[in-house]
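Peer 1: sequence-free structure coming up:
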C-alpha cells in the first residue's frame, strides 16, 4: 500500500501520530537508560525483526478498522515483543493471549494467537475503546482520544476520568514506538 495514494488508510481515523506529543516510556530510578522516547525507540528497534513477518497483516487489519498500522505494531511490540515472549500465544501467567495480549478475563479470544482473525478482534476492541472515549469526552483533542483509547484498551473505559488518566507511560510509550514504526514502513 502506497501511503501517498491512501493517506487516510495509512494514518487511520484517529489523528496523525507524527504530530502528537509524547514523553515515551516512563522514567524511574530503575530504568533511566531505557526510558523516554529513546527508550521506546530502543525497544521498538529490538522488536522490529519479530514484527516484520506480520507487516502485511497489520496493514490489512489496520485498514479494515481504520487504525494506524504503526499503532498496531507499537502495541504488539509493547505487549508481546512480536510474539517472541509468548508460550503458545499466552503470556507467562496464562492470562493474556495473542500478539496484542487480550486478557481472557475480559475478552474471549478467538482464532490462533497470531492469526488475522485474532488480530482483527484485538484491533476492533481498540477501535471500540477509542470511539467510547470520543463519546465520553467529546471536547478532547484527537491525541487525547487516541491516548484515552490506548489506556482504555488495557484498563477499561471506566478507568479514564480525567486527562491525567491518559497521560501515562503506556500511552506515551505506544505513541513513541508508533512513530518509530511509521518511519520503518508501517
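Peer 2: Looks like it came in fine. The model shown is predicted, which means the values in this text are computed figures rather than measured ones.
Peer 1: got the contact list for the residue lying closest to residue 141 once chain neighbours are set aside?
Peer 2: Among residues not flanking residue 141 along the chain, residue 15 sits closest, at 7.9 Å (CB to CB, 6 or more residues apart in numbering). C-beta: built from backbone N, CA, C; applies to glycine. Taking CB atoms under 8 Å, 6 or more residues apart in numbering, we find residue 15 in contact with 141, 142, 143, 145, 146.
Peer 1: how near is the closest residue to the second one other than its chain neighbours to residue 84?
Peer 2: If you skip the residues right next to it in sequence, residue 142 has residue 15 as its closest partner in space, 3.3 Å away by CB to CB, 6+ apart. Between residue 15 and residue 84 the computed distance is 30 Å (CB to CB, to the nearest Å).
Peer 1: same question, residue 59
Peer 2: 21 Å.
Peer 1: those two - which one has more neighbours?
Peer 2: residue 59 (20 against 11; other CB atoms under 10 Å).
Peer 1: helix or strand for that one, which one?
Peer 2: helix 55-65 (DSSP states H and E).
Peer 1: run the chain-centre distance for that helix.
Peer 2: What separates the centre of helix 55-65 from the centre of its chain is 13 Å, taken as CA atoms, centre = their mean, to the nearest Å.
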